[in-house]
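Novice: Got a predicted structure plus its sequence, pasted below:
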Protein chains: 2
Amino acid sequence: MARGVGRDHEGKRTAIRKGAAGYFAQHGFDRASMAGAAKACGVSKALVYHYYDSKEALLFDIVNAHLTELVDVVEAAENDGVRGLIGAILLAYADADAEHKLQLDALGVLDDDMRAPLVALQRRLVVILSTALADVAPDLDKQRLHATTMSVFGILNWYYMWHRPNKGLSRAEYSELAADFVLGGLRAL
Amino acid sequence: MARGVGRDHEGKRTAIRKGAAGYFAQHGFDRASMAGAAKACGVSKALVYHYYDSKEALLFDIVNAHLTELVDVVEAAENDGVRGLIGAILLAYADADAEHKLQLDALGVLDDDMRAPLVALQRRLVVILSTALADVAPDLDKQRLHATTMSVFGILNWYYMWHRPNKGLSRAEYSELAADFVLGGLRAL
DNA sequence: CACAAAACCGACCGTTCGGTCAAGAGTATT
DNA sequence: AATACTCTTGACCGAACGGTCGGTTTTGTG
């Protein structure tokens, strides 16, 4: 009888995921075409549909894989305090700018079934960072803690919007500056 | 002989701009269709093309009008310090969330000719805020000042992403919290 | 080797979208 | 009243896109 999946099925899937992530992030998910994504990966469009059911399924897999790894890293730094968490988020995924950008697109494009698990992963990040912030500023009420947490995420997420590789501060330098800034800000609340 | 523009040309143009801004922001510029935008404004698609040359021209006008007003408000608060500027940005355009969101889309969608003047307006905001920050933290070198400025914009711009009207802190309360946070952060740099 | 399923592709299809057009209705000027 | 221009519309068009299909090649298994 027959055969299972091919030799390197998961590897090729990952290659498509990575290639498509760069292409999607560069052009924006909506403007990016599946034909273009396939060409960026060096394969035919039909092959992409062999590995993925739809354009949205591909986007989901990209962001889901990224967020899952990010949660792992952040959970590993859970006890390293605010500075450790900021460093983990900014440094650990230095090569995942594309995936990080797409994360923002995804929430506005995916339907609820696919968005929900991504939001759940994001919420885990929020809870971890929020807890670390509360340790430093234990007097904050719930609403203010939440607003502060989202402000910190604003700083971190915005980084991918304005930072240009090999220009200005290095990632490590910015990580220290951001941590100083956040910790100083917490003291003032 | 003939006649000039109609009685309320500019008013109707503004109505289309406002209506389309809401529709575009809700669905995302790329996914939003001109037919849908026209319906949201209660007019035909052909009429929108009577007032605007293209979908991009409409987006440009929306964002350009918004940024122009924002620059006016911020310049008026130029001498009110960091707290005044943060308050101006967050409060003055409480009803322009849609336009503010579109501002982000626009940079990735418009071609250079149209993007350039918008970037120029944004740069004026950056310079004003950057100057105010430098007053509070005069020892920051240029690179760190720029990174800090963008971090503050991250806080402010992110607000439109997570804030839900009539939930959590009011805009005014958050404005104070954000100012406290930023000023505290500056002291720590 | 035989053979069935996976891997892969070029061509194609239905739909949607940005944009155009021809024509009618309304209105300020002469 | 005549005119010339704006305002407004429904119908239409070509292009691009997401997705499918029929078929060929490759590869693991018995």
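Specialist: Happy to help now that I have it. Numbering: from 1, shown residues only, chains lettered A, B, ... in the order given.
Novice: Which secondary structure state is assigned to residue A:78?
Specialist: Secondary structure, DSSP: H, G, I helix; E, B strand; the rest coil: residue A:78 is coil.
Novice: Surely it and residue A:130 touch.
Specialist: No. Applying CB atoms under 8 Å, one finds residue A:78 not in contact with residue A:130, separated by 11.8 Å. To be clear about C-beta, it is placed using only N, CA and C from the backbone, and glycine gets the same treatment.
Novice: so where does the most centrally placed residue in chain A fall, helix or strand?
Specialist: Geometric centre of chain A, nearest residue: residue A:100, 3.6 Å, by CA atoms, centre = their mean. Using DSSP states H and E, residue A:100 falls within helix A:97-109.
Novice: does DNA strand C sit close to that helix?
Specialist: No. Counting by CB under 7 Å from any atom of the strand, DNA strand C is not contacted by helix A:97-109; separation bottoms out at 13.3 Å.
Novice: give me the number of residues near the closest residue to residue A:115 other than its chain neighbours?
Specialist: Nearest residue to residue A:115, sequence neighbours excluded (CB to CB, 6 or more residues apart in numbering or on different chains): residue A:107, at 6.0 Å. Residues near residue A:107, counting by other CB atoms under 10 Å in any protein chain shown, number 13.
Novice: Also the one 4 residues further on?
Specialist: Residue A:111 is flanked by 8 other residues according to other CB under 10 Å.
Novice: just residue A:89 next, same as before
Specialist: Counted with other CB under 10 Å, residue A:89 comes out at 23.
Novice: and it, what does it touch?
Specialist: Listed by CB atoms under 8 Å, 6 or more residues apart in numbering or on different chains, the contact partners of residue A:89 are A:70, A:73, A:74, A:125, A:156.
Novice: What helix or strand is it located in?
Specialist: For residue A:89, the host element (DSSP H and E) is helix A:81-92.
Novice: and what of residue A:15?
Specialist: helix A:9-27.
Novice: pLDDT of the helix holding residue A:89, averaged?
Specialist: Mean per-residue pLDDT for helix A:81-92: 95.
Novice: buried set for it?
Specialist: Neighbour counts over helix A:81-92 (16 or more other CB atoms under 10 Å in any protein chain shown) mark A:81, A:82, A:83, A:84, A:85, A:86, A:87, A:88, A:89, A:90, A:92 as buried.
Novice: Out of those residues, the closest to residue B:177 would be?
Specialist: For the buried residues of helix A:81-92, the closest approach to residue B:177 (CB to CB) belongs to residue A:82, at 17.2 Å.
Novice: Which residue, other than its chain neighbours, is closest to residue A:75?
Specialist: Residue A:75's closest residue in space is residue A:128 (CB to CB, 6+ apart), at 6.8 Å.
Novice: Distance check, that neighbour against residue A:106.
Specialist: 21 Å (CB to CB, to the nearest Å).
Novice: who's more crowded, the two?
Specialist: The neighbour count for residue A:128 versus residue A:106, taken as other CB under 10 Å, is higher for residue A:106 (24 against 18).
Novice: ok, how many other residues are close to the closest residue to that one other than its chain neighbours?
Specialist: Closest residue in space to residue A:106, ignoring its immediate chain neighbours: residue A:63 at 4.6 Å, by CB to CB, 6+ apart. Neighbour count of residue A:63, defined by other CB under 10 Å: 27.
Novice: hang on, residue A:63 packs against residue A:102?
Specialist: Yes. Counting by CB under 8 Å, residue A:102 is a contact partner of residue A:63 at 5.7 Å.
Novice: where does chain A have its least confident helix or strand?
Specialist: When each helix and strand of chain A is scored by mean pLDDT, DSSP states H and E, helix A:97-109 comes last, with a mean of 93.
Novice: Report whether that one contacts DNA strand D.
Specialist: No. Helix A:97-109 does not reach DNA strand D (CB under 7 Å from any atom of the strand); its nearest approach is 10.8 Å.
Novice: how far off helix A:81-92 does the helix or strand that that helix is followed by point, in degrees?
Specialist: Per DSSP H and E, the first helix or strand lying C-terminal to helix A:97-109 is helix A:112-136. Counting by axes from the mean of the first three to the mean of the last three CA atoms, to 10 degrees, helix A:112-136 lies at 140 degrees to helix A:81-92.
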